[in-house]
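**Q** okay, here's the prediction I keep looking at, along with the sequence it came from:
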Amino acid sequence: MRLHLHLLSDSTGETLENIANAAMVQYDDVETLRHFWPMVRSEAHLDRILQEIAQNPGLVLFTLVNSDIRRTLESRCRALGLPAVAPLDSVTGALSNLLGQEAKARPGRQHTLDAAYFARVDAIQFTIAHDDGIGEEDWEEADILLVGVSRSSKTPTSIYLANRGFKTANLPIVPESPPPRHLFDLKNPMIVGLTTSADRLIQVRRNRLIDLNEGRETDYVDQDSVRQEIAFARRMFADKGWQVIDVTRRSIEETAAAIIKLLNERDIVRGARK
């Protein structure tokens with residue numbers, strides 16, 4: 001079974017993500033396609049997200065304290081026939097009854113507004129602005145640059161890493177369109193190649209075509225073409241000496257953890273050389 005899970009937060013979304021993780025481990029044989037939306041604080045931002053929700057209907061979980069944005073989300077979800085759940089409402093309601101006071105509608109109040117908090121917000125903003133090869137002139141500012149063929153989990157992994165405070169850019173590897181030359185001259189970001197099996201990639205891509213109501217068979221899902229595409233990317237990773245992670249049997253969380261481990265090991269080596 002496949003489930004589109006939309007997570008909307010007016011802060012970093014860490015609390016909401018932990019709740020979702022705790023709930024999803026209770027179910028077997030569910031392919032969860034996560035759509036993570038942090039820092040939702042305007043109607044314009046919400047409108048863009050609602051378009052994605054309409055295209056990929058599923059469960060909507062949210063932690064939004066702005067009453068107008070909440071009402072809009074709940075109203076639109078009702079119109080789409082989708083469940084929209086605010087998992088913290090029952091907790092704050094019980095606390096309000098016991099304490100005799102209303103909860104303060106303050107986004108991200110659980111986070112101390114220190115340097116680390118603002119660094120994480122900055123990382124999220126950077127990552128969103130540098131998705132899918134955008135903003136190549138700023139890649140040197142990134143902590144991590146993910147490269148891989150289309151639908152190899154680059155974007156969700158980037159957002160997860162950003163939520164952990166790492167500025168992350170990502171770039172698709174397309175055999176017919178060579179990447180910018182200065183990609184190979186970058187000094188600061190750790191470049192990580194994400195690879196996967198052809199069978200898994202074809203399945204993911206077929207699901208994406210179904211979501212787009214696209215029924216035609218193309219090279220995008222042709223087995224020979226996909227194998228050649230993956231082989232091309234792997235050769236590039238090997239030629240450039242980049243770190244490589246196979247995401248075939250990894251969740252987004254597991255992939256991100258492996259990347260963070262590699263980054264920490266690199267920083268230790270760099271520190272020892274100084």
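**A** Looks like it came in fine.

**Q** from the chain's centre, how far out does the lengthiest helix in the chain sit?
**A** Ranked by residue count under DSSP state H, the longest helix found in the chain is helix 252-273. Offset of helix 252-273 from its chain centre (C-alpha atoms, centre = their mean, to the nearest Å): 19 Å.

**Q** need the contact partners of that helix.
**A** 21, 34, 143-144, 146, 153, 156-157, 160-161, 164, 166, 190, 192, 194, 243, 245, 247, 250 (C-beta atoms under 8 Å, 6 or more residues apart in numbering). Heads up, the C-betas are built off the backbone N, CA and C, glycines and all.

**Q** apply 10 Å and report the result again.
**A** By C-beta atoms under 10 Å, 6 or more residues apart in numbering, the residues outside helix 252-273 that reach it are 17, 21, 32, 34, 36, 143-144, 146, 152-166, 168, 189-190, 192, 194, 243-247, 250-251.

**Q** which parts of it are buried?
**A** By 16 or more other C-beta atoms under 10 Å, the buried positions in helix 252-273 come out as 252, 255-256, 258-260, 262-263.

**Q** what about residue 142, how many neighbours?
**A** 24 (other C-beta atoms under 10 Å).

**Q** nearest spatial neighbour of it, skipping sequence neighbours?
**A** Residue nearest to residue 142 in three dimensions, not counting chain neighbours: residue 189, with 4.1 Å by C-beta to C-beta, 6 or more residues apart in numbering.

**Q** now do the phi/psi pair for residue 42.
**A** phi -140, psi 150 (degrees, to the nearest 10).

**Q** once you drop chain neighbours, what's closest to it?
**A** residue 69 (7.7 Å).

**Q** name the SS class of the one you found, please.
**A** Classification of residue 69 using DSSP: H, G, I helix; E, B strand; the rest coil returns helix.

**Q** next: the one 4 residues further on.
**A** The three-state label for residue 73, taken from three-state DSSP, comes out as helix.

**Q** if I look at it, how far off is residue 40?
**A** 9 Å (C-beta to C-beta, to the nearest Å).

**Q** which neighbours do the two share?
**A** Joint contacts of residue 73 and residue 40 (C-beta under 10 Å, 6+ apart) are 8, 46, 49, 62, 64, 66.

**Q** the second one: which element?
**A** In this structure, residue 46 is located in helix 43-55 according to DSSP states H and E.

**Q** and what of the fourth one?
**A** Residue 62 is part of strand 59-63 when elements are defined by DSSP H and E.

**Q** centre of the chain versus that strand, how much separation?
**A** The mean C-alpha position of strand 59-63 is separated from the chain mean by 15 Å, C-alpha atoms, centre = their mean.

**Q** then stretch 192-209?
**A** 16 Å.

**Q** could you give the number of residues near residue 182?
**A** Considering only other C-beta under 10 Å, residue 182 is surrounded by 11 other residues.

**Q** mind giving me the packing neighbours of the host helix or strand of residue 146?
**A** Residue 146 belongs to strand 144-148 when assigned by DSSP H and E. Other helices and strands packing on strand 144-148, by 3 or more C-beta pairs under 10 Å, 6 or more residues apart in numbering; DSSP states H and E, are helix 154-163, strand 168-172, strand 190-195, helix 223-240, strand 243-246, helix 252-273.

**Q** average pLDDT for stretch 175-194?
**A** Mean pLDDT, stretch 175-194: 94.

**Q** residues near the residue lying closest to residue 24 once chain neighbours are set aside, how many?
**A** Nearest residue to residue 24 in three dimensions, chain neighbours excluded: residue 32, at 5.9 Å (C-beta to C-beta, 6+ apart). Neighbour count of residue 32, defined by other C-beta under 10 Å: 17.

**Q** just to be sure, residue 32 is in a helix?
**A** No: using three-state DSSP, the assignment for residue 32 is strand, not a helix.

**Q** pLDDT score for it?
**A** Residue 32 is assigned a pLDDT of 88 by the prediction.

**Q** now do residue 109
**A** The model reports residue 109 with a pLDDT of 52.

**Q** need the three-state assignment for residue 250.
**A** coil.

**Q** and the gap between it and residue 240?
**A** 22 Å.

**Q** of these two, give the one with the bigger neighbour count.
**A** Comparing residue 250 with residue 240 by other C-beta under 10 Å, the one with more neighbours is residue 250, at 17 against 12.
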